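Chemist: Quick one, fold the following:
(one chain, ligands or ions: 1)
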Amino acid sequence: MSQTETDIQNMFDTIAPSYDFLNRLLSLRQDVRWRRALAHQIPFRIGGTYVDVATGTGDVLVAAQNQHPEYASWVGVDISDNMLTLAKKKLGETLHPSAAPTFIQASAEKLPFPNETVDCLSISFGLRNVIDKEKALQEFLRVLKPEGTLLILEFFTPTGVLSRFFEFYFHHILPRIGGLFSDAKAYQYLPTSVMSFYSHAALCGLLHTHHLPVITQKRFLFGGCRLLVSKKMAPSTSPLVVT
Ligand SMILES: C[S@@+](CC[C@H](N)C(=O)[O-])C[C@H]1O[C@@H](n2cnc3c(N)ncnc32)[C@H](O)[C@@H]1O
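Modeler: Next up, the predicted model:
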């Protein structure tokens, strides 16, 4: 039976309390490094507007605010109320009140922002979970300012000699450890969702057709995790996709 957005929301509501702990454990803290690399790609914009979609417990916002204090407006969007509650607590504790983000419970498929108002939009380990991914990309295109930046951090099926090791870990070890501390089904869903997600080349192609061409990318875990940096282009000026 296919999943609905409510199923996804319920799953993340359930795993929210142990989400950060398991991220650090299962990635051996590499997830912190990946989000820092994402923050490194944020363009310098004094008074800029930053939106983190599928923000979860707000870790991307923490990394982004540390590296880009010049932004004036910070927003975290997610469908999971429990994730947002943790994000509010975390960001409330760690940051200066004037930089406090606004958190909104909403879907990536229908963002609550006017056209062309966002300087930089990120989605980290979130796009894979969105039901209608193309609708989300259309929303990203709509809300980004011309030449605005889209940052996608995501897992992909790796290729090459070490891919078997990665797949064994992802399919057999990770769900067992996840099941010990959290909802076993959610950590079985993780490798399944990666397998049914786009290949990175297919996603680059899709971004290109949505006028969000990838201008640079970074590989982690032998390509099992990638950071894609896209720019909103006018249809006639889109450069070729970098793969
Ligand atoms: C794997 S977590 C990633 C959280 C965070 N970005 C990070 O880097 O740790 C995926 C998040 O996406 C959210 N999510 C799933 N579908 C969504 C949608 N359609 N719109 C907004 N958020 C969504 C979930 O509630 C969850 O918090």
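
Chemist: How about the residues of this protein by the ligand?
Modeler: 5, 8, 12, 53-56, 59-60, 77-80, 83, 107-109, 124-126, 129-130 (CB under 6 Å from any ligand atom). Where C-beta positions appear, they are placed from N, C-alpha and C, glycine not excepted.

Chemist: Out of those, which sit inside helices?
Modeler: 5, 8, 12, 59, 60, 83 (DSSP state H).

Chemist: what about the closest residue to the ligand within the chain, distance to residue 174?
Modeler: Going by CB to the nearest ligand atom, the ligand is nearest to residue 56 of the chain, at 2.4 Å. For residue 56, the distance to residue 174 equals 17 Å [CB to CB, to the nearest Å].

Chemist: For these two, indicate the residue with more neighbours.
Modeler: residue 56 (24 against 19; other CB atoms under 10 Å).

Chemist: Let me see the contact set for the more buried one.
Modeler: 12, 19, 78, 80, 83, 87, 124, 125, 126 (CB atoms under 8 Å, 6 or more residues apart in numbering).

Chemist: Mind pulling up the pLDDT for it?
Modeler: For residue 56, the pLDDT comes out at 97.

Chemist: Stretch 179-189: end-to-end distance?
Modeler: End-to-end distance of stretch 179-189 (CA to CA, to the nearest Å): 11 Å.

Chemist: gap between it and the chain center?
Modeler: 20 Å (CA atoms, centre = their mean, to the nearest Å).

Chemist: Contacts for that stretch next, please.
Modeler: The contact list for stretch 179-189 (CB under 8 Å, 6+ apart) reads 11-12, 14-15, 18-19, 21-22, 25, 174-175, 177-178.

Chemist: Spatially, what comes nearest to the residue positioned nearest the centre of the chain if we skip its sequence neighbours?
Modeler: Against the mean C-alpha coordinate of the chain, by CA atoms, centre = their mean, the closest residue is residue 124 at 1.4 Å. Take residue 124 and drop its neighbours on the chain: the residue closest to it by CB to CB, 6 or more residues apart in numbering is residue 153, 4.0 Å away.
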